[in-house]
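>>> build me a model from this:
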Amino acid sequence: MQTNIREVTEQFENAEVTLTPEGLEDMRNDCLDMLKAILWMLDGAKYLWENEQKNAPAD
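Predicted structure coming up:
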């Protein structure tokens, strides 16, 4: 996915966008999948900072 984003960025910089609607949809789906995976990992690791929030001083 990083390669796809890099290619699209280069195309935008060169004003030569060759991304098809299908390619854009695939990239969108890839991005959504990656974001969902990141959220899943963060949710699984939230125990790491839960104690910090409980012990944080009130503002």
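
>>> residue closest to the middle of the protein?
Geometric centre of the chain, nearest residue: residue 35, 4.4 Å, by CA atoms, centre = their mean.

>>> Three-state assignment for residue 15, please.
For residue 15, the secondary structure call by DSSP: H, G, I helix; E, B strand; the rest coil comes out as coil.

>>> tell me how many other residues crowd it.
Residues near residue 15, counting by other CB atoms under 10 Å, number 6. (C-beta placed from N, C-alpha, C; glycine too.)

>>> show the pLDDT at it.
Among the per-residue scores, residue 15 holds a pLDDT of 76.

>>> low-confidence stretches in the protein?
1, 17, 52-59 (pLDDT under 70).

>>> now the helices for it?
Assigned helices in the chain, in chain order: 2-13, 21-45, 47-55 (criterion: DSSP state H).

>>> tell me what the second one is packed against?
Spelled out, it's helix 21-45. With contacts defined as 3 or more CB pairs under 8 Å, 6 or more residues apart in numbering; DSSP states H and E, the secondary structure elements packing on helix 21-45 are helix 2-13.

>>> any idea of the angle the helix it packs on forms with helix 21-45?
The directions of helix 2-13 and helix 21-45 differ by 130 degrees, with axes from the mean of the first three to the mean of the last three CA atoms, to 10 degrees as the criterion.

>>> buried ones in helix 2-13?
Applying a neighbour-count criterion of 16 or more other CB atoms under 10 Å, one finds residue 8 buried in helix 2-13.

>>> just give me how far it sits from the chain centre.
Its chain's C-alpha centre and that of helix 2-13 lie 15 Å apart, by CA atoms, centre = their mean, to the nearest Å.

>>> now do stretch 15-30
The chain centroid and the centroid of stretch 15-30 are separated by 16 Å under CA atoms, centre = their mean.

>>> what of stretch 31-47?
Distance of stretch 31-47 from the chain centroid (CA atoms, centre = their mean) equals 9 Å.

>>> alpha carbons of that stretch, as CSV, please.
Output in CSV follows, covering the C-alpha atoms of stretch 31-47 (Å, rounded to 0.1, in the frame of the first residue of the first chain):
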residue,chain,number,x,y,z
CYS,A,31,-6.5,2.1,3.3
LEU,A,32,-9.6,1.2,5.2
ASP,A,33,-8.3,-2.3,5.9
MET,A,34,-5.0,-0.8,7.2
LEU,A,35,-6.8,1.7,9.4
LYS,A,36,-9.1,-1.0,10.8
ALA,A,37,-6.0,-3.2,11.6
ILE,A,38,-4.3,-0.2,13.4
LEU,A,39,-7.5,0.4,15.4
TRP,A,40,-7.6,-3.3,16.3
MET,A,41,-4.0,-3.3,17.5
LEU,A,42,-4.5,-0.1,19.5
ASP,A,43,-7.6,-1.5,21.1
GLY,A,44,-5.7,-4.7,22.0
ALA,A,45,-2.8,-2.6,23.5
LYS,A,46,-4.9,-0.1,25.4
TYR,A,47,-4.1,-1.9,28.7
